[in-house]
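Undergrad: kindly generate the corresponding structure for this input.
(one chain, ligands or ions: 1)
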Amino acid sequence: MRIDVVSIFPEYLAPLDVSLVGKARAKGLLDVRLHQLRDQAHDVHRTVDDTPYGGGPGMVMKPEPWAAALEAVAPPDGEGVPRLIVPTPSGRPFTQELAVELASEPWLLFAPARYEGIDRRVIEDAATRMRVDEVSIGDYVLAGGEVAVLVMVEAVARLLPGVLGNAESVRDDSFAPGAMANLLEGPVYTKPAEWRGREVPPVLLSGNHGAIARWRRDQALRRTAENRPDLLERLTSGDVDKHDRAA
Ligand SMILES: Nc1ccc2ncsc2c1
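TA: This next block holds a predicted model:
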């Protein structure tokens, strides 16, 4: 997979050089390219923003630098077309399901905005050439979209074949499609078996894999009911038998 990111703060994406994503890049599983938006602003101040038409607070990112940056990355007459992801608080929610969908794309192009956002015409123009998704990572105030790019790239990269050492853990993730869909992961434990007077739940030491699986699902249901009751509503009656609900 190729990932391009256009930003006025490409240094904000430095974490993509380390850990899971960094290792995937080193293995050649991921090709990440960062681009400075200001390189496409040719006035002396390399201006990328201006006041909003219609008035209002803040500044809006100008269309010309963004259009030039997107076309520099993906020339209209070039090979292949990326899927453009525009991180924005007014976008569709970023979910594990969307991460799985994006992980099947050969090329993603991220356009994180600062200020009040990007002139709408940039999105409309790009949509004539490529698929565009406006995506939000949640309902809170951030200074820009770069941190959302870090979130989405990590969530997608870990799903790529060969990136995670143990494919099992992808299956057992919270929110992963399948048995754990719409369930939060339960508590986890490691050695020592007793620590500051607290013991590991005996079932986890029993070697009884059926009992362990049942215990883990029960704990996942309990944690989901406690922290995300909204997710329980998504579980079909077939997913949660009467016993589970009563637990
Ligand atoms: N403030 C804010 C909240 C969510 C979000 N998602 C992508 S960019 C962004 C910015």
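Undergrad: quick one: what helix or strand has the residue most central in space within the chain in it?
TA: By Cα atoms, centre = their mean, the chain has its centre lying nearest to residue 152, at 2.1 Å. Assessed by DSSP states H and E, residue 152 sits inside helix 146-157.
Undergrad: and if you look at residue 87?
TA: Counting by DSSP H and E, residue 87 is part of strand 83-93.
Undergrad: ok, residues contacting that strand?
TA: 70, 98, 102, 105, 107-113, 117-118, 123, 126, 130-139, 141-142, 145, 148-149, 152 (Cβ atoms under 8 Å, 6 or more residues apart in numbering). Quick note: C-beta positions are derived from backbone N, CA and C, even for glycine.
Undergrad: if we use 7 Å, what do you get?
TA: 105, 107-113, 117, 123, 126, 130-136, 145, 148-149, 152 (Cβ atoms under 7 Å, 6 or more residues apart in numbering).
Undergrad: buried among those residues? Make that a ChimeraX selection.
TA: Of these, the buried ones go into a single ChimeraX selection, burial set by 16 or more other Cβ atoms under 10 Å:
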select :105,107,108,109,110,111,112,113,117,123,126,130,132,133,134,135,136,145,148,149,152
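Undergrad: which of the contacts of strand 83-93 fall within helices?
TA: Counting by DSSP state H, the contacts of strand 83-93 place 123, 126, 148, 149, 152 in helices.
Undergrad: in a markdown table: the residues you listed, plus pLDDT.
TA: Formatted as a markdown table, those follow (pLDDT from 0 to 100):
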| residue | pLDDT |
| --- | --- |
| 123 | 98 |
| 126 | 98 |
| 148 | 98 |
| 149 | 98 |
| 152 | 98 |
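Undergrad: Serialize these to a markdown table and add fields for distance to the ligand.
TA: Shown next, in a markdown table, are the ones in helices among the contacts of strand 83-93 (distance: Cβ to the nearest ligand atom, whole Å):
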| residue | distance to the ligand |
| --- | --- |
| 123 | 14 |
| 126 | 17 |
| 148 | 3 |
| 149 | 8 |
| 152 | 8 |
